[in-house]
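Colleague: Following is a predicted model, sequence given first.
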Amino acid sequence: MSTWIAEACSAGARLEHACATVGLSARTLQRWRQGGAIQGDARRREHRAPEAVRTPANRLSAPEQAEILAVANQAEFAHLSPHQIVPALADQG
């Protein structure tokens with residue numbers, strides 16, 4: 001995208017309009033270009049300290065996840081969404 005924006009600007013387009021066309025703000029492009037080259041995303045994925053992140057009490061265990069995937073991948077449910085699978089299973093008891 002950066003190359004396309006640069007080409008558009010060299011052809012006479014304004015930076016703001018070129019960025020808006022591809023769904024970016026001009027400021028985002030400026031941050032990407034800091035230091036003369038395109039920079040990667042330096043944001044951390046988790047903003048809390050690791051000790052502050054807790055596991056929810058209702059989190060599924062690995063065997064529970066495997067069982068859900070096994071049921072969802074059965075031939076009769078493979079074409080359905082989870083919102084359709086749950087009522088179908090409830091009807092079956």
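Modeller: All right, it came through fine.

Colleague: what's the lowest-mean-pLDDT helix or strand in the chain in contact with?
Modeller: Lowest on mean pLDDT, DSSP states H and E among the helices and strands of the chain sits helix 26-32, with a mean of 86. For helix 26-32, contacts defined as Cβ atoms under 8 Å, 6 or more residues apart in numbering pick out 2, 5, 15-16, 19, 38-39. All C-beta spots, glycine's among them, are computed from the backbone N, C-alpha and C.

Colleague: now the helices: where do they sit in this protein?
Modeller: Counting by DSSP state H, the chain has these helices, from start to end: 2-10, 15-21, 26-32, 62-72, 82-92.

Colleague: Okay, buried residues for the third one please.
Modeller: It stands for helix 26-32. For helix 26-32, the neighbour count (16 or more other Cβ atoms under 10 Å) marks 29, 32 as buried.

Colleague: go on, stretch 11-23?
Modeller: Those would be 18-19, for stretch 11-23 by 16+ other Cβ under 10 Å.

Colleague: how long is that stretch from one end to the other?
Modeller: End-to-end span of stretch 11-23 (Cα to Cα, to the nearest Å): 19 Å.

Colleague: And stretch 74-89, by the same measure?
Modeller: So stretch 74-89: terminal residues 12 Å apart, Cα to Cα.
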